[in-house]
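Enquirer: Pasting a predicted model and its sequence here:
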Amino acid sequence: MSEILEPYLAMLNFKTGILKPFKKKVEVRLSDLKDFFSDQEAVNKILSKSKNPIIYEYYENSQPEVEGHLNFGITIINPGKIGKEYYLTRGHYHAKEGTAEVYVGLSGKGIMLLQKKDGQVTHLFMKKGVIAYVPPFWAHRTINIGKNKFCFLYIYFSDAGHDYEIIKQKGFAKLVIEERGRPKIIDNPKFTKY
Ligand code: PA5
Ligand code: NI
């Protein structure tokens with residue numbers, strides 16, 4: 001049975017992407033993402049200069065982790081690259097794999113990479129106003145391919161959980177890199193099938 005909560009409001013400023021109030025704020029820096037970027041040399045070079053940029057942050061209204069509730073929040077991915085690869089989120093399967101998620105683009109330009117354990121791979125282009133539906137069983141990672149911050153709203157089941165481990169070990173099948181000033185989706189040379 002769902003835990004009972006009182007209804008509540010939160011305000012989203014569509015211009016700034018600021019969500020108030022929020023229950024959880026997470027800043028994810030390069031050192032947290034070491035294993036998720038493909039160019040380890042580029043990662044180490046930046047970290048060795050004592051630089052540890054914030055790659056993305058998220059502000060979440062998390063509910064109790066029981067069936068029936070929804071978590072929602074906004075993610076802000078900064079613009080930038082590590083080597084040729086654009087700034088990205090870790091990406092994950094939901095631990096409860098049969099749970100979907102909805103993303104709504106708020107500002108900036110991004111790509112969502114999606115993949116399934118059976119080998120299916122796809123991607124979606126995102127910008128302000130675009131709604132991306134992540135069906136059950138699809139791992140998802142978002143990437144900022146623009147020069148400004150890429151912000152989106154997300155809504156998912158609060159008992160879905162995040163499985164980062166498999167992504168940490170195997171990565172995504174595709175990488176999004178910059179080539180001649182433009183984003184390009186290429187095969188990840190290090191990716192091995194499940
Ligand atoms: O649940 C989601 O898919 C999002 O809220 C993400 O968690 C968020 O964008 C951060 O990405 P990740 O959890 O892959 O680091
Ligand atoms: Ni998710």
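Expert: Yes, it's here. Ligands and ions are numbered 1, 2, ... in the order given.

Enquirer: which regions of this protein lie under the pLDDT threshold?
Expert: Within the chain, the segments meeting pLDDT under 70 span 1-2.

Enquirer: The chain against ligand 1: which residues are in contact?
Expert: 58, 73, 75, 89-92, 101, 140, 154, 156, 162 (C-beta under 6 Å from any ligand atom). C-betas here are computed from N, CA, C, even on glycine.

Enquirer: Columns distance to Gly83 and secondary structure on top of these, output as CSV?
Expert: Below are those laid out as CSV (distance: C-beta to C-beta, whole Å; DSSP: H, G, I helix; E, B strand; the rest coil):
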residue, distance to Gly83, secondary structure
Tyr58, 24, strand
Gly73, 29, strand
Thr75, 22, strand
Thr89, 17, coil
Arg90, 17, coil
Gly91, 18, coil
His92, 22, strand
Glu101, 29, strand
His140, 22, strand
Tyr154, 27, strand
Tyr156, 30, strand
His162, 25, strand
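
Enquirer: Of those, which pair is most distant in space?
Expert: Spatial extent of the residues of the chain next to ligand 1 (C-beta to C-beta) is set by the pair Gly73 and Gly91 at 16.3 Å.

Enquirer: thinking again about what came up before, just the buried ones from the residues of the chain next to ligand 1?
Expert: Burial by neighbour count, 16 or more other C-beta atoms under 10 Å: within the residues of the chain next to ligand 1 this picks out 58, 73, 75, 89-92, 101, 140, 154, 156.

Enquirer: mind giving me JSON lines with those residues and columns for distance to Phe36?
Expert: Shown next, in JSON lines, are these (distance: C-beta to C-beta, whole Å):
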{"residue": "Tyr58", "distance to Phe36": "15"}
{"residue": "Gly73", "distance to Phe36": "20"}
{"residue": "Thr75", "distance to Phe36": "15"}
{"residue": "Thr89", "distance to Phe36": "8"}
{"residue": "Arg90", "distance to Phe36": "5"}
{"residue": "Gly91", "distance to Phe36": "7"}
{"residue": "His92", "distance to Phe36": "10"}
{"residue": "Glu101", "distance to Phe36": "19"}
{"residue": "His140", "distance to Phe36": "14"}
{"residue": "Tyr154", "distance to Phe36": "18"}
{"residue": "Tyr156", "distance to Phe36": "20"}
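
Enquirer: right, and out of those, which lies closest to Phe172?
Expert: Ranked by distance to Phe172 (C-beta to C-beta), those are led by Gly91 at 6.0 Å.

Enquirer: From Lys49, how far off is Ser31?
Expert: Ser31 sits 13 Å away from Lys49, going by C-beta to C-beta, to the nearest Å.
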